[in-house]
Every structure is written in C-alpha cells, then in structure tokens.
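Visitor: Turn this into a structure:
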Amino acid sequence: MSRIIIALGGNALGNSPSEQLKIVKNTAKNIMDIVAMGNEVIITHGNGPQVGMIYNAMSTYAKLNNVEPMPFAECGAMSEGYIGYHLQQAIQKEIEKRKMRRKCVTVTTQVIVDKNDKAFSNPTKPIGEFLTKADAKKLASINHCTYKEDSGRGYRRVIASPKPQAIVELKTIENLLADRNIVIACGGGGVPVIETAPKHYKGVDAVIDKDKTSALLAKEINADVLLILTAVEKAKINFNKPNEQALSELSVADAKEYMERGEFGEGSMLPKIEACLDFVEHTRGDQEAIITSLTKAKKALEGKSGTHIKRRIK
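Guide: Purely as a prediction, here's the structure:
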C-alpha cells in the first residue's frame, strides 16, 4: 500500500456549485480507482473560482447593508467546507457502489505562515471585483489594502501569497488516516494563519499556493507519492514550438536546468514543478512526484503515463 497525496486542479472541480456537482462525480470515480488499487489517499484541492465567488458575494452584501466585510481567511474556510462537502458526497457514493468499507471526511485546515514573509510587502494575487483607478484609490485610503491594475481590465485588490510553514491539523489528519478514512485536507492551500501565542492562531488576508501546501503535507506525513493533477497528461519543454517534447521522467537536476531555461510557465507548470522538487528533495530518496491529468491518474501510478519526478533517474 502506498500513501498518496492527490492534489486536484481546478479542472477537477468546475466554476460554479451546479457545475462542480456534475464534475466531482467523475473526479470521485478516478479517486476511488486509486483507492481500489490498495492505496491510502489524502486529497488536496484548489479553490480559485470558489473563493473568488464567495469573496465577491460577501463584499456585495457588506456594501448593500453597510456592514463589515468578510475577511478573506473566512472566505477561504467557507470554500474548504463547500468543496469538501461536494467531494465527500461524490466519494461516499462511489464507496457504497463498490461496497468498500471506507469513510470520507473533510478537515478544514489551518496552515501557518510567517508574518514577516516578504510576500506580505509585495502582494501579487488579485481578488475581488474590477474597479476604476479612482474607486481603487478611494478604497485603498479607507481600508489600507493594495490595488493593482489587472491586464487592462481595471484595478483589483491584491493579497500576499506566503510560503506555508506548518499544518495545524496535521495530527488530526494522521489519526484519520490511521482509521482508514479518505481524507480531504488543505483545500485551497489551507486557511493562512499566523501564530499569536503558542497554539493560538489568527487568520490573515492571503492565499497559499495549494501545490506548495500539498508538498509540505506530503513531506510531513511521509507520503510515497505526490500526485499533482492538472489539465495535461505530461509536463512539456519547448511548449507550443515545433520541437515540443513531453517529459515522461525528470531528475531533480534536469528539472532545475529546465527551470533555469524558463521552460515552465510561471502561472501554470512552474509552481507544480517547484512543489514536486520540494517534496522529492526532502524525502528518504525512493518517493516520487507525478504530474498528470485526472483521467490518466491511475495509469500514471502504474508507470504508464504522466511526468515522474525523482531524485535521480536510473
């Protein structure tokens, strides 16, 4: 039995509650195919469209009713809950269909970040509605938040993307795994918190990269495989060029060389490669990270698909 972290990309979830309910049925089937192979599974996931929808709705409500806006950390926690709820339902149906003796549970997960992380002095992640320059300037003077122009479409609030340091509910996750549960955790990278006193935490307006948190979780629970699922079957170099090449295997050294050459897009494949390297470089040596699509996940674990990243390639 292998312990596998499955990091779900946005294509496995959808962009609205109704779309998500339809899509997660197929997601659950693919996940349970992996469980049926005899593996122990922990699921992480993104939350970009979902947390954006929640934040915008809460901001609109606050404006209309002249009440305090909902903090972004709370919006992140809400997205963890409702995505986990949908995944739990779909996975439990698959469990019943296959007559397996398992349960599925979601852990609303807090992830500690460093309050002095440089990301807080240079926020980059856009959230919320588009504004005119004048409206953005006015709001910034009131709420002391940062607003930046976004691709010619207007101004949006930007928040920090700090590095994950520790997972508050780690022991709970381990206990649930020991009881043979399928665990959904660290949704959207987890709710970012800072430690205000020993074991006391406070949410902060930030968003943590879910693949980086997935790598941290994989290291902390000594996973055998970090399986990052995205829209493509394999990572590629020379992307969209005549000499485009899909990668089946990557050593740490080769991955770093390709990164230096700028082969992986900053907003797409690069964070996934970085997360994979963070995992395989800080493990016992025989673990691997895999990048592939949801539909190819089972084949990738059988060594028949995906990009496999290891410390060394034999």
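Visitor: my read: residue 50 touches residue 13, true?
Guide: Yes - counting by C-beta atoms under 8 Å, residue 50 does reach residue 13; the two are 7.4 Å apart. Every residue, glycine included, has its C-beta placed from N, CA and C.
Visitor: These two: which is more packed in?
Guide: Set residue 50 next to residue 13 and count neighbours by other C-beta atoms under 10 Å: residue 50 wins out with 27 against 21.
Visitor: In contact with the spatially most central residue of the chain, which residues are there?
Guide: Geometric centre of the chain, nearest residue: residue 210, 2.5 Å, by C-alpha atoms, centre = their mean. Listed by C-beta atoms under 8 Å, 6 or more residues apart in numbering, the contact set of residue 210 reads 7, 44-47, 186-189.
Visitor: Among these, which are located in helices?
Guide: Among the contacts of residue 210, no residue falls in helices (DSSP state H).
Visitor: May I ask which two of those residues are separated the most?
Guide: 7 and 47 (12.2 Å; C-beta to C-beta).
Visitor: And the two? Which one has more around it.
Guide: For residue 7 versus residue 47, the count of surrounding residues by other C-beta under 10 Å is larger for residue 7: 27 against 23.
Visitor: Please, which helix or strand holds the closest residue in space to that one that isn't next to it in sequence?
Guide: Nearest residue to residue 7 in three dimensions, chain neighbours excluded: residue 214, at 4.1 Å (C-beta to C-beta, 6 or more residues apart in numbering). Using DSSP states H and E, residue 214 maps to helix 210-220.
Visitor: Starting from that helix, tell me the next helix or strand along the chain.
Guide: strand 225-230.
Visitor: returning to that earlier point: confirm for me that the residue nearest to residue 7 is in contact with residue 229.
Guide: No - under the criterion of C-beta under 8 Å, residue 214 makes no contact with residue 229, lying 10.5 Å away.
Visitor: anything in contact with each of the two?
Guide: By C-beta under 8 Å, 6+ apart, the residues touching both residue 214 and residue 229 are residue 7.
Visitor: Comparing these two, which residue is more hemmed in?
Guide: Neighbour totals were compared for residue 214 and residue 229, and residue 214 leads with 34 against 27 (other C-beta under 10 Å).
Visitor: show me the contacts for that one.
Guide: Listed by C-beta under 8 Å, 6+ apart, the contact set of residue 214 reads 5, 7, 44, 186, 226, 228, 275.
Visitor: ok, now how distant is the fifth one from residue 220?
Guide: In other words, residue 226. Plainly put, residue 226 is 12 Å away from residue 220 if you go by C-beta to C-beta, to the nearest Å.
Visitor: And these two? Which one has more around it.
Guide: Neighbours were counted for residue 226 and for residue 220 using other C-beta under 10 Å; residue 226 has more, 29 against 13.
Visitor: Run through the bridge partners of that one.
Guide: Beta-bridge partners of residue 226, counted by DSSP bridges, are residue 5, residue 289.
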